[in-house]
Every structure is written in C-alpha cells, then in structure tokens.
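> just the structure for this:
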Amino acid sequence: MNQVLATAKYVSDHSESVRLNKRRLKKFCKSFNRSDAKHWLSESPFDFSRLAKDEEKMNFLFVYSTTGFCYWGDPPWSVEYRGQNHQGSFGMIAALGRAVEAGVPLLDPRYRARMGREELEEVLDGNITIPMLEDRLRFIRESGSVLMGRYGGLMSTLVQSGGGDVSVLLGQLVKQFSSFEDHSLYDGREICFHKKAQLFVSDLYQLFGESDGVVSAT
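As a prediction, the model looks like this:
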C-alpha cells in the first residue's frame, strides 16, 4: 500500500467527527461511468496541439503542475488570454500558454533553472500579483535544475525512470521535487496527500495514453 492510501486509511479509521458511508461508496463505484467524466485537458484554454513535440508537452504539464496552486485573493488573480479572462487553474494554463506563444522559453529546463523573479512576474502578469510568487519561482527553478542535474534535461527520461509504474514515478516526483511533497499532521502522524504528483501523472496519461508507454493504467 502506498503512502497516500496507508495514511488516508489511518485517518478514515480514527476520525471522530467524519465517517465514510462505505455502502454508498461501493454503490457509487459500481455505478460510475468513466466515459462520462471529462478531463480538464478537453476544456483547457490552451491548445496542446500547438506544441509539436512530446517533450514540449511534458514540460508544459510539468511547469503547470509545479506552479499550479493557491489562487485566492480579493479580487482573485486572473489573466487575459485570447480575449477572455481566466481565473484559477485555467488562469495558470492561459498564462503559461500566452508566454510560450510569445517566445518565452519556459519549456527549456535550462531557462527555468535560472529564471528571474521579474521574468516570472511578466509570465504571470494579471489583474494583481499572484499570491506566493516567491514559492512559485523556487519551484519552477527546481523543475529545471533537478531535471538538468539528474535527467539530462529530458522530461521523457524522468517519466521513464518510473518504468511504466505509476507508484514508482509518484515516489520519484515526491522525493526529488519539493513542490510535490505535500502532507499534514493528524493525531501526531504525517498524512500524505501528494495531490499534485498524482494529478501530473494523470495528466500525462490523459495526454499520451498507455499506448505511448508513458505510464501504466494499473
């Protein structure tokens, strides 16, 4: 059992104020039709087909995954892209897509490793300064420096280091990139979420599919 499931089970078994209705949960799982669910990529304001190479697509998803969090504010941060305003996750996608189309080499890990604050501010330019800009800068630099130092600057090498096993790739991401290591304390125990890492792997699968050998569906 991986860390997320193991620690979630502890919370489920020991929580005092919340309970899971396991009977209803099983019923939902049996009735859920995966084909009815839409992945966010199908609604994305940025068209991924504009990126010609798989390596570029992986880097785009990786940059989005490392910078995509905490959009609160009053007013909330938003960006304009192709005549429309976008907030939250779609705002981040739109900002990154806008930058790539403008020629900013965001998809090059060498550039990201030395990216400056003013450069990131320009990429994420919106109605207000995005919250936690310094953290995003640290994570985006890390996304470049670790990739250059350990994987020859290739996202494909990082992804393939999991050997097609989702749990192995998740472990690699959490261990080597601090932006993916999210956890909290419950009853004195460390509870792992690893939400962004799981979403990144899911996005890879949605974009490339099992037939491309990126990740396994199991």
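> what about the closest residue to Asp203 other than its chain neighbours, how many neighbours?
On the basis of C-beta to C-beta, 6 or more residues apart in numbering, the spatially nearest residue to Asp203 that is not a chain neighbour turns out to be Leu61, at 5.0 Å. No exception for glycine: its C-beta is placed from N, CA and C like everyone else's. Other residues within reach of Leu61 by the criterion other C-beta atoms under 10 Å amount to 24.
> what helix or strand is Leu61 located in?
helix 54-67 (DSSP states H and E).
> same question for Glu122.
helix 117-123.
> so what does that helix touch, helix or strand wise?
For helix 117-123, the helices and strands in contact under the criterion 3 or more C-beta pairs under 8 Å, 6 or more residues apart in numbering; DSSP states H and E are helix 88-101, helix 133-151.
> just name the most buried of those helices.
For these, ranked by mean neighbour count under the definition mean count of other C-beta atoms under 10 Å, the leader is helix 88-101 at a mean of 21.
> go through the lowest-mean-pLDDT helix or strand in the chain and flag the buried ones.
Across the helices and strands of the chain, the lowest-confidence element by mean pLDDT, DSSP states H and E is helix 3-14, at a mean of 87. Within helix 3-14, the residues that qualify as buried by neighbour count (16 or more other C-beta atoms under 10 Å) are Gln3, Val4, Thr7.
> other SSEs contacting that helix?
Counting by 3+ C-beta pairs under 8 Å, 6+ apart, the packing neighbours recorded for helix 3-14 are strand 183-186, strand 189-192.
> ok, now with 7 Å
Helix 3-14 sits against strand 189-192, with contacts defined as 3 or more C-beta pairs under 7 Å, 6 or more residues apart in numbering; DSSP states H and E.
> enumerate the positions of the helix or strand just after the strand it packs on that are buried.
Once strand 189-192 ends, the next helix or strand along the chain (criterion: DSSP H and E) is helix 195-208. When neighbours are counted by 16+ other C-beta under 10 Å, the buried residues of helix 195-208 are found to be Lys196, Ala197, Gln198, Leu199, Phe200, Val201, Asp203, Leu204, Tyr205, Leu207, Phe208.
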